[in-house]
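>>> sequence? don't have it. structure:
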């Protein structure tokens, strides 16, 4: 069962996620099914109850999956420059950018379910 803070965060984020998906329109097909790189900048409402960054990243991955942006949060290959960017009492927010990940052949095995012992295909990204 999700924690109360997570449930509140999800309820708050969901309309923004759905609106962002609609704005993207035909530019992207959701949910994304390829490995992705995510950058998230968190602007918190106050210094009190400062969360840990790892917890924020886990919640963000879960929310991206729950809202149908990515098919599975295990597809997040890296978090690039993700950070707690500061405090903004007027407009607390999370700014998220998602890119297709540039991954090695070894990493591709983990995302597509192929064993590293299997011979890679000519274009490994086709299996992803």
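It's in. None of these values were measured; they are calculated from a predicted model.

>>> show me where the chain has helices.
Secondary structure of the chain by DSSP state H: the helices cover 4-24, 53-66, 105-112.

>>> deepest in the core, which of those helices is it.
Across those, averaging neighbours per residue (mean count of other C-beta atoms under 10 Å) puts helix 53-66 on top, at a mean of 17. Glycine gets a C-beta too; all of them are placed from N, C-alpha and C.

>>> quick check: which helices or strands does that helix pack against?
Packing partners of helix 53-66 (3 or more C-beta pairs under 8 Å, 6 or more residues apart in numbering; DSSP states H and E): helix 4-24, strand 36-44, strand 83-87, strand 93-100.

>>> and the helices of the chain, which one's lowest on average pLDDT?
Mean pLDDT per stretch puts helix 105-112 lowest among the helices of the chain, at a mean of 61.

>>> closest one to residue 75 among the helices and strands packed on helix 53-66?
Between residue 75 and the helices and strands packed on helix 53-66, the shortest separation by C-beta to C-beta is 5.7 Å, and it involves strand 36-44.
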